[in-house]
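Trainee: kindly generate the corresponding structure for this input.
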Amino acid sequence: MKYLPAIEIEPVQQANGAVIWLHGLGASGDDFAAIVPALNLSQQDPGAAQIRFIFPHAPTIPISINGGMSMPAWYDILSIDVQRKINQQQFMASAQRVTDLIERELARGISSERIVVAGFSQGGAVAYQAALNFAQPLAGLMALSTYVASANTLELKACNRQLPVLICHGSEDPVVPESLGLQALDSVRALGLAPEYKQYCMGHSVSPEQIKDMADFIAKVLN
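Mentor: Here you go, the predicted model:
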C-alpha cells in the first residue's frame, strides 16, 4: 500500500504510542513537527510514554477559492461562506488515507488505544472524520482551530464512546471563526462525547498556552 508521505519523529526507545498530526491548507507536515520539542514530553524518561510523531503531507491539488491555484490540501474548498462547500469525495479519500496510517501503526505493534489523531484547520476536519469513524478504540483526538466539514458522515463507533477529545480555538480567528469551532463542539457532544474546549486569545495560530494544554492532553491519554 502507498501511504501519505510524512515526517516521522521516533522516540528514544521503542515506540509504544503514536500521534498522527495533520496540517492545514497550504502548509505541510513540517509546520507542526517543530512543536515536538516544545511539548516537553520527557521521552528520555524510561517511565514516560515513547511516542512516535507522524506528520503527513497532503497532496498538492487545485483550490477553487484560491482561483484554482494548486497547493497542499486535504480537499478542495468550493466556497468559504459560513457553511463551507467542499469536495466531498476528496474529503472522504483523505480521511481514508489517515485511517490507513492508523492501521499501519497497528501493524507496527502500536495498540489502537495508544494512538492520538490530531489536526489543525482543514487537517482538523479530516481528523474529526477519521478518528470518530475509526472501528477500534483510540487514545484521543485533538481538533485545533477547525470545524466539522461533514456532520452527516460522522458516525461514532461504540468502541470510542469514551474517546477523550480536546478542541482548541482562537477567539480572534479570522480564517475559521470560533463559531465554527463551537458548532463542532456541539456536533461532538451530540454524538455522546464530552470534549474539553479551550479558548485562546489568538488568531488562526498556535500559542504557548495551547502547546502546554496539548502536551498535558497527550501525556494524560498516553501515559
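Trainee: now the strands for this structure?
Mentor: Remark: strands assigned in the chain by DSSP state E are 6-9, 17-22, 51-56, 60-63, 69-72, 77-79, 85-86, 115-120, 140-144, 165-170, 196-200.
Trainee: mind listing what's buried along the third one?
Mentor: Same thing as strand 51-56. For strand 51-56, the neighbour count (16 or more other C-beta atoms under 10 Å) marks Ile51, Arg52, Phe53, Ile54, Phe55, Pro56 as buried. Where C-beta positions appear, they are placed from N, C-alpha and C, glycine not excepted.
Trainee: ok, back up a step: reformat the strands of the chain as JSON lines; add distance to Phe32 and mean pLDDT.
Mentor: Below are the strands of the chain laid out as JSON lines (distance: least, C-beta to C-beta, whole Å; pLDDT from 0 to 100):
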{"stretch": "strand 6-9", "distance to Phe32": "9", "mean pLDDT": "98"}
{"stretch": "strand 17-22", "distance to Phe32": "5", "mean pLDDT": "98"}
{"stretch": "strand 51-56", "distance to Phe32": "6", "mean pLDDT": "98"}
{"stretch": "strand 60-63", "distance to Phe32": "18", "mean pLDDT": "97"}
{"stretch": "strand 69-72", "distance to Phe32": "13", "mean pLDDT": "97"}
{"stretch": "strand 77-79", "distance to Phe32": "21", "mean pLDDT": "91"}
{"stretch": "strand 85-86", "distance to Phe32": "22", "mean pLDDT": "90"}
{"stretch": "strand 115-120", "distance to Phe32": "7", "mean pLDDT": "98"}
{"stretch": "strand 140-144", "distance to Phe32": "9", "mean pLDDT": "98"}
{"stretch": "strand 165-170", "distance to Phe32": "13", "mean pLDDT": "98"}
{"stretch": "strand 196-200", "distance to Phe32": "16", "mean pLDDT": "98"}
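Trainee: got those as CSV, with distance to Glu105 columns?
Mentor: Formatted as CSV, the strands of the chain follow (distance: least, C-beta to C-beta, whole Å):
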stretch, distance to Glu105
strand 6-9, 11
strand 17-22, 5
strand 51-56, 8
strand 60-63, 25
strand 69-72, 22
strand 77-79, 29
strand 85-86, 27
strand 115-120, 6
strand 140-144, 14
strand 165-170, 19
strand 196-200, 24
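Trainee: longest helix of this protein?
Mentor: When the chain is parsed with DSSP state H, its longest helix is helix 88-107.
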